[in-house]
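Novice: Make a model of this:
(chains A and B)
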Amino acid sequence: GENVEQHPSTLSVQEGDSAVIKCTYSDSASNYFPWYKQELGKGPQLIIDIRSNVGEKKDQRIAVTLNKTAKHFSLHITETQPEDSAVYFCAASTGRGGGADGLTFGKGTHLIIQP
Amino acid sequence: DTEVTQTPKHLVMGMTNKKSLKCEQHMGHRAMYWYKQKAKKPPELMFVYSYEKLSINESVPSRFSPECPNSSLLNLHLHALQPEDSALYLCASSQDLLRTQYFGPGTRLLVL
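Specialist: Take a look at the predicted model:
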């Protein structure tokens, strides 16, 4: 099955600086890669996603890049703010086909924004 | 509206109890999911329903029994759980294959 590795497990940055979180996946058939933000006591919230026919996608301060050849994708957050502090999960579709697919998640990155 | 609702928010049950978790969405999504999330861990897929039929069962013990009464509702029936089943149970829905999954807030379950 799919295996998703995520690094780092904890990332502390100064407010206003950029943060980068990286993930790799194992299944070359995976073709959908969402990123979720999870705050304490809440469910995961989608912040951005990318499909394998696109190399980069941007939404205001958040961007995601995908390298299919190397099987890795990254989340970039610029001009970080205190409210960006949370746990971030990358994920990949299981790519089974034939119906709805579940997601395989990375282990998560605890992002801490220092004021 | 991208809201998935889950009830109850919290549940405490003994190992001999029978209880049910409920999930509801009114976005017209045809795929619904159950995930289990232990503390400081990522969500793990349990079940997938597609067009009200069970599509994926990730080798989940039979003490967890999913049910999809209609396209808007998803239940998870619990019976004879173990303390190690204590976790946050998340429901999600998506429009169709490989579409964005939207998560509910979860039910925090404690098994005593």
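Novice: burial count for A:Lys22?
Specialist: Applying other C-beta atoms under 10 Å in any protein chain shown, we find 17 other residues in the vicinity of A:Lys22. All C-beta atoms are positioned from the backbone trio N, CA, C, and that covers glycine.
Novice: Quick check: bridge partners of the residue nearest to the spatial centre of chain B?
Specialist: Residue closest to the mean C-alpha point of chain B, counted by C-alpha atoms, centre = their mean, is B:Trp34 at 3.2 Å. Taking DSSP bridges, one obtains B:Phe47, B:Cys91 as the residues bridged to B:Trp34.
Novice: Contacts only, for it.
Specialist: B:Cys23, B:Leu45, B:Met46, B:Phe47, B:Pro66, B:Leu74, B:Leu76, B:Tyr89, B:Leu90, B:Cys91 (C-beta atoms under 8 Å, 6 or more residues apart in numbering or on different chains).
Novice: so which of those comes closest to chain A?
Specialist: Each of the contacts of B:Trp34 was checked against chain A using C-beta to the nearest C-beta; the closest is B:Leu45, at 3.6 Å.
Novice: Which residue is the nearest non-sequential neighbour of that closest one?
Specialist: A:Gly102 (3.6 Å; C-beta to C-beta, 6 or more residues apart in numbering or on different chains).
Novice: and the one you found, how many neighbours does it have?
Specialist: Each residue near A:Gly102 was counted by other C-beta under 10 Å, and the total is 26.
Novice: Sweet, I'm off.
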